[in-house]
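*Asks:* Generate coordinates for the sequence data below:
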Amino acid sequence: MTLPGRDPYRVKGRFKAPAKAERTGLTRTSLSRGMELPVRADPDDANRVEIDWDRFMASPDRKQALGQARVSRQAEVLKGEMAKKPKFQQKLWTQNKQAAAAWVGAVRMGNMSREEFEQTVQLEVDSGRMDPADAADARAQLDD
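*Replies:* Numbers count the residues shown, from 1 in each chain. Now for the predicted structure:
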């Protein structure tokens, strides 16, 4: 947690989220670890905090943060599944190494932006479907 004038620190606890805080349109996304949420802390005990749901709901970045949380959570689940199936993961790594070469070509030809490339590669790495070394190689090819 980060409060003005203090070093960041961790707080553990369970916090009930209003249903509307986890919705973007019709989609429900669970809040997940690592999300930054606005909080209020007790001035006498910095470990007593409450989430400022009104401020979170009013945030113009809320939908984007929830979308990123959904993608991160899905990637985390996939990565766990990939770890349980090493042969399948190796097959995907081989396929994605070839796909990365095609993505490099697409960026060079102007059919894919560098930002789209980076997002795609990072998602594949985060989900365990791409070898981080292959991602680094693909990035290096674009940087040459």
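*Asks:* Would you check how far apart L66 and W53 are?
*Replies:* Noted for L66: a distance of 13 Å to W53, by CB to CB, to the nearest Å. All C-beta spots, glycine's among them, are computed from the backbone N, C-alpha and C.
*Asks:* higher neighbour count, these two?
*Replies:* Each of L66 and W53 had its neighbours counted (other CB atoms under 10 Å), and the higher figure belongs to L66 (22 against 16).
*Asks:* So that one, which state does it fall into?
*Replies:* helix (DSSP: H, G, I helix; E, B strand; the rest coil).
*Asks:* hey, where'd the strands end up in the protein?
*Replies:* 23-24, 27-28, 39-42, 45-51 (DSSP state E).
*Asks:* so which of these gets nearest K87?
*Replies:* Across the strands of the chain, K87 has its closest neighbour in strand 27-28 (33.6 Å, CB to CB).
*Asks:* now that closest one: mean pLDDT?
*Replies:* Per-residue pLDDT over strand 27-28 has a mean of 59.
*Asks:* for stretch 110-129, same thing?
*Replies:* On average, stretch 110-129 scores 92.
*Asks:* Many thanks, I have nothing further to ask.
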